[in-house]
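In: Quick one, what's the 3D model for this:
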Amino acid sequence: MFIRSERLMLRPIFPEDWREVFAGVADESIVRMLATAPWPYRAEDARTFCNQPRKADEMLFAITLPGKDGAPLIGTIGMRGAAHEDAYEMGYWIARSRQRQGYGSEAVGAVLATARALGVREARAGHFVDNPASGKVLRRCGFQREPRLGEAVSAGRGGQRVPMQRYRVSLAKSANAVAVP
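Out: The predicted structure is shown next:
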């Protein structure tokens, strides 16, 4: 599946994307904000990520920025079904050199609109409390903050349990449409 937004093309992740994934994620400031990426992040980790088979209840996209010189991969975004629940969990990262330019909000909005069209009823997401910029992206895209903090294990922080702010957004057809920033 491919998704086109105003500035971005979201497309499947291909095995040959490993170099660009590695270049974007092998940055401790990025890995510290992800739950599952280890630190140090190695080329083999990127190869494994780009080659792993996807489950039927999973959408995973390379975030690319089309231009006259090609379409560099600037991040990834995905949603997968939450076990035993009628909700999907969203996660994403944007390369440090491309942050603070609205690409995260644009990608999140595009994936939420697609998920709604596919019948997903609810999306959830979270961010470590020391990453408030991610919370701004989620709120901009219609996510509502849950009142209590949770915790998540961070592989990039050596398996440490880290406080996490959780969010959710209804994607039910009767809910207000999610605006793509």
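In: middle-most residue in the protein, spatially?
Out: Nearest residue to the geometric centre of the chain (CA atoms, centre = their mean): Tyr92, 1.7 Å.
In: Quick one: residues contacting it.
Out: Neighbouring residues of Tyr92 by CB atoms under 8 Å, 6 or more residues apart in numbering: 63, 75-78, 104, 107-108. The way it works is simple: take the backbone N, C-alpha and C, and place the C-beta from them, glycine included.
In: Could you check which helix or strand contains Ile30?
Out: helix 28-31 (DSSP states H and E).
In: Restricting to C-alpha, output that helix in PDB.
Out: C-alpha atoms of helix 28-31 as PDB (Å, rounded to 0.1, in the frame of the first residue of the first chain):
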ATOM      1  CA  GLU A  28      21.400   7.800  20.100                       C
ATOM      2  CA  SER A  29      18.900  10.700  20.400                       C
ATOM      3  CA  ILE A  30      16.500   8.800  18.100                       C
ATOM      4  CA  VAL A  31      17.000   5.400  19.600                       C
END
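In: Give me the contacts around that helix.
Out: Here helix 28-31 has contacts from 24-25, 37-41, 93, 95-96, 156, using CB under 8 Å, 6+ apart.
In: Cool, thanks, signing off.
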